[in-house]
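Undergrad: I'll drop the sequence and a predicted model, then ask my questions.
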There are 2 protein chains.
Amino acid sequence: MTSTVGLVERLTREIVDTIRSENLQPGQTLPSAKVLAARFEVTVPTVREALRRLEATGSVELKHGSGTYVREAINRRILDNPHYVPVDLAAAIELLDARIAIEPGIAGLAAAAQAPDAVASMESALDNALQVETAVPAGHFHVELARASGNRALHEMLVSLLAINSRTQQAARTSYDRLRDHDEHADILDAIRRGDGFEAAHRTRKHLEAIKAAVLADWADDTDQTGDAAIIEGSQR
Amino acid sequence: MTSTVGLVERLTREIVDTIRSENLQPGQTLPSAKVLAARFEVTVPTVREALRRLEATGSVELKHGSGTYVREAINRRILDNPHYVPVDLAAAIELLDARIAIEPGIAGLAAAAQAPDAVASMESALDNALQVETAVPAGHFHVELARASGNRALHEMLVSLLAINSRTQQAARTSYDRLRDHDEHADILDAIRRGDGFEAAHRTRKHLEAIKAAVLADWADDTDQTGDAAIIEGSQR
DNA sequence: TCACTCAAAGTGATTAGATGACTTAAACAC
DNA sequence: GTGTTTAAGTCATCTAATCACTTTGAGTGA
């Protein structure tokens, strides 16, 4: 009758508790698997199974020959599924639709929050945009925008959406004009600086809708006269 | 120079690919660990580590003595961190703020979508509300609302937010009036049926703000005259 | 003294085989 | 038929050992 929780699941939880109670920060190393095995009175393979679980969610990283490191995601609530195999255009459009639904509200919050350091991060993100597109890390304008909202859950949601999108083929080929992108970002940031939440939300929405249109246009160019536009329609309903 | 991807990570991906290519649906069983080990030419412990990773993200479930089962989350893009240790009121308020930021937009989409079956699901969710609160499964009104938006990413985001919230202490004690909850849900559904997205969004926002106020009031009652309202202020900035 | 080499120690990665515990379903007795 | 028992299949965990990678620092040479 004892609800079998499973040794590995319990062990996983104990390791997380250890990380928290000892206040281990991302980048620091955990004790070796051998030591953990001794401390929790289990064997090494069992510890490894627990660490693999934590690895899957980005809470820790197992570096061969080096050690087990705490990672950022241990403090995240919302994650992107690392095992998801995505990828058609419809999925990419769906992600953009989701962003259109939530980012305007985030921009509004950012304008209301008026956190000075967050605004600074967005400014530097504006410049970084000239660089090569990084995967989806910090420094991305929209991510910094979400961070500026002051709401960690919203920030993590946007990070997740962008992470998923980065795995899409469409992500690389989006030929949205770099300069136009920069200008529109600047406009959004401007509205936020003025504390004009309504305008910030509006410009964010327009910006994303423009990107969506560009992606659809790109796709139309590639497939040219192949007439299966049903995919697009299906994703817009 | 070969980017060491790690055997387990590669194996994890191969198992996912197998599930997809063989079109295994949630509820169905995977081959036994022994068989998988033979098929991919690795040993059983290695297979188990890969399965533990998939287990962490809810893609599979390992049932002792029974088998390894495919689970729903294998098709999800957005997940809640299963290893997150949650907690205080500020976090609960932050989650509600996030919902206030995104759910009105979702309600607007739902009104525009006008999917008949989705509306039916919301109707039945209305009645289920009289039952005991389930964990965070389907059947929850707000979850069905998100499903009705037609956007899977948004739906999964809301499921994740509610899943996290359910782990909060505050979740259980929220004494938001059951009847009032039901009535406000009915109002939202009514606006969606009429296709009035603006009104649906507005009512959803008001509804969530009322819940937030109730949570804060509850907390104020409990702590009574303990004057550390700084926690609340901090979450509202 | 400085820089380079390289050997050793520590750590994770993977393998191998064995035992225990649980679930399920078929075989059996009633 | 019904209920119990048995057996096979499966995951759970352990023990033990070998391999591979990383880091460090001692040693060597310039």
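TA: That came through fine.

Undergrad: Measure how far the direction of the host helix or strand of A:H155 deviates from that of helix B:152-166, in degrees.
TA: Element membership of A:H155 [criterion: DSSP states H and E] is helix A:152-166. Counting by axes from the mean of the first three to the mean of the last three C-alpha atoms, to 10 degrees, helix A:152-166 lies at 150 degrees to helix B:152-166.

Undergrad: distance between helix A:152-166 and the chain's centre?
TA: Remark: helix A:152-166 is offset 3 Å from the chain centroid, using C-alpha atoms, centre = their mean, to the nearest Å.

Undergrad: And stretch A:34-52, by the same measure?
TA: From the chain centre to the centre of stretch A:34-52 is a distance of 30 Å (C-alpha atoms, centre = their mean).

Undergrad: Stretch A:50-59 too?
TA: The chain centroid and the centroid of stretch A:50-59 are separated by 17 Å under C-alpha atoms, centre = their mean.

Undergrad: Also stretch A:148-157?
TA: 10 Å.

Undergrad: Stretch A:43-61 now?
TA: Per C-alpha atoms, centre = their mean, the displacement of stretch A:43-61 from the mean C-alpha position of its chain is 22 Å.

Undergrad: Go through that stretch and flag the buried ones.
TA: If you call a residue buried by 16 or more other C-beta atoms under 10 Å in any protein chain shown, then stretch A:43-61 has these buried ones: A:46-61. Using the backbone N, CA and C atoms, a C-beta is placed for each residue, glycine as well.

Undergrad: pLDDT on the helix holding A:H155, on average?
TA: Averaging pLDDT along helix A:152-166 yields 93.

Undergrad: for it, which positions count as buried?
TA: Buried residues in helix A:152-166 (16+ other C-beta under 10 Å): A:152-166.

Undergrad: Name the nearest of the residues you listed relative to DNA strand C.
TA: A:A163 (22.3 Å; C-beta to the nearest atom of the strand).

Undergrad: Which other helices and strands does the helix holding A:H155 contact?
TA: Judged by 3 or more C-beta pairs under 8 Å, 6 or more residues apart in numbering or on different chains; DSSP states H and E, helix A:152-166 is in contact with strand A:78-80, helix A:89-113, helix A:141-148, strand B:78-80, helix B:89-113, helix B:152-166.

Undergrad: Break down chain A into its strands, ranges please.
TA: Counting by DSSP state E, chain A has strands at residues A:60-63, A:67-70, A:78-80.

Undergrad: ranking those by burial, who's on top?
TA: strand A:78-80 (a mean of 26; mean count of other C-beta atoms under 10 Å in any protein chain shown).

Undergrad: quick check, distance from that strand to the centre of its chain.
TA: That offset, for strand A:78-80, works out to 7 Å (C-alpha atoms, centre = their mean).

Undergrad: same for that strand, what does it pack against?
TA: Where contact means 3+ C-beta pairs under 8 Å, 6+ apart, strand A:78-80 is packed against helix A:152-166, strand B:78-80, helix B:152-166.

Undergrad: This completes my enquiry, with thanks.
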